[in-house]
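A.B. asks: Next input, structure requested:
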Amino acid sequence: MKNSLIKKIAVSGAVVIGMFAFGGGTSASASAVTPNVGGHFASRTVTYHINSSSKHWQKVWKKAIHKFDHNGTIKLKATSKKKAKMTLTTVAKFKGKYATADWDFLRNKDDGTHVFKHVRLRLNRKVCGKQAFYPNDNMVVDGQTMETVNAAEAIAVGLGLDNSTTIKRSLVNETGWWNGNLTKADKLGLAKAYANVK
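C.D. replies: Below you'll find the predicted structure:
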């Protein structure tokens, strides 16, 4: 079993390295599929627990969860902290060189089967809700929307989609991604990642 901590590094505010084509974009080709990390949960029903006493942050995570309704592959189901395969939480801020990251995750997986045992996702409350400007859409996105978008992206990566810097199709190059909805490519990516999972 191996724990691997990967933090998402922010550049120029909310624009980050390693974003994939997530969030309602229309410019990706019809054949595009968001890559996955080569791992997945053991079931298509993934249990989660929101570990926060704040009503605001509970709402942010719940909104992000709803972005995965009708994705065609994964069902996210709320459960107790003890039973959850995915824990959703926040921290006041990250420290050191990752201080400007919007979120991070800690993945516990079986190295042999690549099955995720548990994933913990954390939002950085200090920066994940910063207002951002996206020139492709000529749009300023408010902080509350950015909180949900970042939470939804964290969940997508937690489920196994890849946010590697090697991916050419970044969110900042996708028209309309800022609404936080899954693209067709994202849905196809989840379907591919869980093709052999019941």
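
A.B. asks: What residues sit buried inside the longest strand along the chain?
C.D. replies: If you go by DSSP state E, the chain has its longest strand at strand 115-124. Buried residues in strand 115-124, counted by 16 or more other Cβ atoms under 10 Å: 116, 119-124. Just so you know, the C-beta spots here come from the backbone N, C-alpha and C atoms, and that holds for glycine as well.

A.B. asks: cool, stretch 131-147 as well?
C.D. replies: Neighbour-count burial for stretch 131-147 [16+ other Cβ under 10 Å]: 132, 134, 141, 145-147.

A.B. asks: how about a markdown table for these, with secondary structure and pLDDT added?
C.D. replies: Shown next, in a markdown table, are these (DSSP: H, G, I helix; E, B strand; the rest coil; pLDDT from 0 to 100):
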| residue | secondary structure | pLDDT |
| --- | --- | --- |
| 132 | strand | 81 |
| 134 | strand | 72 |
| 141 | strand | 83 |
| 145 | helix | 89 |
| 146 | helix | 90 |
| 147 | helix | 94 |
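
A.B. asks: export those residues to TSV and tack on distance to residue 195?
C.D. replies: Formatted as TSV, these follow (distance: Cβ to Cβ, whole Å):
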residue	distance to residue 195
132	34
134	33
141	34
145	32
146	32
147	32
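
A.B. asks: Check which element follows the helix or strand of the chain with the lowest mean pLDDT along the chain.
C.D. replies: Across the helices and strands of the chain, the lowest-confidence element by mean pLDDT, DSSP states H and E is strand 15-16, at a mean of 30. Downstream of strand 15-16, the first helix or strand assigned by DSSP states H and E is strand 40-41.

A.B. asks: Show me the contact partners of that following strand.
C.D. replies: 85-86, 114-116, 159-160, 193-194, 197 (Cβ atoms under 8 Å, 6 or more residues apart in numbering).

A.B. asks: In contact with residue 121: list those residues for me.
C.D. replies: 86-89, 103-105, 151, 154-155, 158.

A.B. asks: and the strand or helix carrying residue 108, what does it pack onto?
C.D. replies: Residue 108 is located in strand 103-109, with elements delineated by DSSP H and E. On a contact count with 3 or more Cβ pairs under 8 Å, 6 or more residues apart in numbering; DSSP states H and E, strand 103-109 meets strand 2-7, strand 115-124, helix 143-159.

A.B. asks: Could you save the ones you listed as JSON lines and add columns showing distance to residue 43?
C.D. replies: Formatted as JSON lines, the helices and strands packed on strand 103-109 follow (distance: least, Cβ to Cβ, whole Å):
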{"stretch": "strand 2-7", "distance to residue 43": "20"}
{"stretch": "strand 115-124", "distance to residue 43": "10"}
{"stretch": "helix 143-159", "distance to residue 43": "12"}
